[in-house]
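[1] Sequence and predicted structure below; questions after.
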Amino acid sequence: MKRLTYYCFLIWAFFSPLDILGQRLTRQEIYDTIQTMPSFSSYHDNFLISGIPTNKTASKDNSDIKYQISFKQLVTRTTLPLNSYLFVSYTQKAFWDVYRRSSPFEEINFNPAIGLGKPLFNKDGYIFGLAELKMEHESNGRAGEESRSWNRVSGAFHTPLGRRTTLSVKAWIPFAYKDPHPDLLDYVGLGEVKVEQTFFSNRFIGEVTLRKGLEDWKGSLGAKLYYKLFNNSGNQYLMLEWFAGYAESLIDYNRYTSMVRLGYVIKSTDLDILKTR
């Protein structure tokens, strides 16, 4: 009975939102952090990974390199109403058929955005979440039948579920997307849910992202495993990624993809203010 009680305590401590083994940042500490943080920083992960399909025989024609560049610029620092701040961001994701003859780029997706961010606090004055409201555009920069673009107003909420777990929920209202792909929402849906779990003092980090399309079971499932090679490597990791589903790229939004890739990532620290001290 004592052993069972001990294990139950460990499980509760692992996921407890009360952070019994750590302290969340206070309101003043958060505002001080925002005032002193670099105005230019990474937004999403920046990575270079390479891999093969898992649902067909791998070859040089269907293996690729995928990379992403993402950054954010703070325009203001909690000087707007409700102590919110204004930022602009840019994310570029590319699929490079480097193993094919002449190594052409299969697809490049561009995602600029402008948004408002606001930290949220509980009644005791400790941070419990971060909210974002953005206007986003995403396109592949092509013309004619291969043109893919859509616009959306998106809202996101990020919150710690415990000392090692972070939940992110994002929803969007799309507009100006129906020509020439009126069925886009059947595959990308109206939102996504992401859960990130840290293991062994940031040595391992696991992440799962789920999207549900509007039609049948179309959507996507993405899983990532980060491994820090060295203790002094900062936010640099080795990343293993598996993506299964639709709309990994805009050009093939209605084509099922299952890819596993491995490579180097500079992991985003954008949500580090939610972590305990």
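    Sure thing, it's come through.
[2] Beyond the longest strand seen in the chain, next helix or strand please.
    Longest strand in the chain by number of residues (criterion: DSSP state E): strand 105-121. Using DSSP states H and E, the helix or strand that directly follows strand 105-121 along the chain is strand 127-139.
[3] So which elements touch that following strand?
    strand 105-121, strand 149-160 (3 or more CB pairs under 8 Å, 6 or more residues apart in numbering; DSSP states H and E). In short, each C-beta sits where N, CA and C put it, glycine included.
[4] Can you dump the C-alpha atoms of it in PDB for me?
    Below are the C-alpha coordinates for strand 127-139, written out as PDB (Å, rounded to 0.1, in the frame of the first residue of the first chain):
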ATOM      1  CA  ILE A 127       1.500  33.000 -15.300                       C
ATOM      2  CA  PHE A 128      -0.800  30.200 -16.500                       C
ATOM      3  CA  GLY A 129      -0.900  30.800 -20.200                       C
ATOM      4  CA  LEU A 130      -0.100  32.800 -23.300                       C
ATOM      5  CA  ALA A 131      -2.700  33.900 -25.800                       C
ATOM      6  CA  GLU A 132      -2.100  35.000 -29.400                       C
ATOM      7  CA  LEU A 133      -4.400  36.500 -32.100                       C
ATOM      8  CA  LYS A 134      -2.900  36.700 -35.600                       C
ATOM      9  CA  MET A 135      -3.700  37.600 -39.200                       C
ATOM     10  CA  GLU A 136      -1.900  35.000 -41.400                       C
ATOM     11  CA  HIS A 137      -1.300  34.400 -45.000                       C
ATOM     12  CA  GLU A 138       0.100  31.200 -46.400                       C
ATOM     13  CA  SER A 139       0.900  30.500 -50.100                       C
END
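[5] Checking the most centrally placed residue in the chain next. Helix, strand or coil?
    Nearest residue to the geometric centre of the chain (CA atoms, centre = their mean): residue 44, 5.8 Å. The three-state label given to residue 44 by DSSP: H, G, I helix; E, B strand; the rest coil is coil.
[6] element containing the residue nearest to it when sequence neighbours are not counted?
    Spatially, and ignoring its direct neighbours in sequence, residue 44 is nearest to residue 70 (3.9 Å; CB to CB, 6 or more residues apart in numbering). If you go by DSSP H and E, residue 70 is part of strand 64-74.
[7] Just list what that strand packs against, helices and strands only.
    For strand 64-74, the packing partners by 3+ CB pairs under 8 Å, 6+ apart are strand 40-42, strand 46-53, strand 85-96, strand 257-266.
[8] got the angle for it vs strand 257-266?
    Calculated by axes from the mean of the first three to the mean of the last three CA atoms, to 10 degrees, strand 64-74 forms an angle of 50 degrees with strand 257-266.
[9] List the contacts of strand 64-74.
    37, 39-51, 85-99, 106, 259, 261, 263, 268, 270 (CB atoms under 8 Å, 6 or more residues apart in numbering).
[10] please redo it, this time with the cut-off set to 7 Å
    Strand 64-74 has contacts (CB atoms under 7 Å, 6 or more residues apart in numbering) with 39-50, 85, 87-98, 106, 261.
[11] Filter those down to the buried ones, PyMOL style.
    With 16 or more other CB atoms under 10 Å as the criterion, this PyMOL line picks the buried residues out of the contacts of strand 64-74:
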select buried, resi 41+42+43+44+45+46+47+48+49+50+85+87+89+91+93+94+95+96+97+106+261
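[12] Could you give the number of residues near residue 175?
    10 (other CB atoms under 10 Å).
[13] Please name the residues that touch the closest residue to it other than its chain neighbours.
    Closest residue to residue 175 apart from its sequence neighbours, by CB to CB, 6+ apart: residue 151 at 5.4 Å. Going by CB under 7 Å, 6+ apart, residue 151 touches 136, 137, 174, 175, 176, 177.
[14] For stretch 215-231, buried residues please.
    218, 219, 220, 222, 224, 225, 226, 228.
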